[in-house]
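# pasting the sequence and the predicted model now:
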Amino acid sequence: MGMNIASAGGDEEQAISAINTTPLVDVMLVLLIIFLITIPVVNYSVPVDVPKERSERRESKPETVVISVDARGKLYWYDTPVKDVPALVQKLTRVAAMKPQPEVHIRGDWRSEYEPVGKIIYACQSAGIAKVGFITEPPARN
């Protein structure tokens, strides 16, 4: 910072104050050059393909088999009640013979026990079903 005192043709002396911005501009240019040199090094240090977030909605296809478990643990083939696990294995064996083999989706009530869901998975394994999935609902957004 500098301060110039100049006389304006008389006895009065006026103080003319001015801010010298040259050092500030020099520092800013040096910082700009440093950032321009270092940013490409930080961004491209290791080439990695990161996974992309997917949010796809799964719709039930006509060839998808849906097996449901209610809160009491009762099994349903679509909307029809299933008597027991051997009857479920019998139905799944017919489905497993289809070409292409359909997926089996399990809809389990959150209040039900795990045992009926485990029985469905075991029945799918016994029948030779290759693809088993679970139907869930996304969390509520506030």
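Arrived safely, thanks for sending.

# please point out which parts of the particular helix or strand that has I34 in it sit buried.
Using DSSP states H and E, the element containing I34 is helix 22-43. Within helix 22-43, no residue is scored as buried using 16 or more other Cβ atoms under 10 Å. (C-beta placed from N, C-alpha, C; glycine too.)

# please apply the same query to stretch 102-113.
Within stretch 102-113, judged by 16+ other Cβ under 10 Å, the buried ones are P102, E103, V104, H105, I106, G108, S112.

# please apply the same query to stretch 84-92.
L88, V89, K91, L92.

# other residues contacting it?
Residues outside stretch 84-92 that contact it (Cβ atoms under 8 Å, 6 or more residues apart in numbering) are 65, 67, 75, 77, 82, 104, 119-120, 122-124, 126-127, 129.

# now these as TSV including secondary structure and pLDDT?
As requested, the contacts of stretch 84-92 are exported to TSV (DSSP: H, G, I helix; E, B strand; the rest coil; pLDDT from 0 to 100):
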residue	secondary structure	pLDDT
V65	strand	90
I67	strand	90
L75	strand	91
W77	strand	91
V82	coil	92
V104	strand	92
K119	helix	91
I120	helix	92
Y122	helix	93
A123	helix	92
C124	helix	92
S126	helix	91
A127	helix	92
I129	coil	91
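
# possible to save those as JSON lines with distance to L31?
What follows is the contacts of stretch 84-92, written out as JSON lines (distance: Cβ to Cβ, whole Å):
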{"residue": "V65", "distance to L31": "64"}
{"residue": "I67", "distance to L31": "64"}
{"residue": "L75", "distance to L31": "69"}
{"residue": "W77", "distance to L31": "69"}
{"residue": "V82", "distance to L31": "72"}
{"residue": "V104", "distance to L31": "61"}
{"residue": "K119", "distance to L31": "67"}
{"residue": "I120", "distance to L31": "64"}
{"residue": "Y122", "distance to L31": "66"}
{"residue": "A123", "distance to L31": "68"}
{"residue": "C124", "distance to L31": "63"}
{"residue": "S126", "distance to L31": "69"}
{"residue": "A127", "distance to L31": "68"}
{"residue": "I129", "distance to L31": "63"}
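
# can I get the buried part of the residues you listed as one ChimeraX selection?
Buried members of these, defined by 16+ other Cβ under 10 Å, are picked up in ChimeraX with:
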select :65,67,75,77,82,104,119,120,123,124,127,129
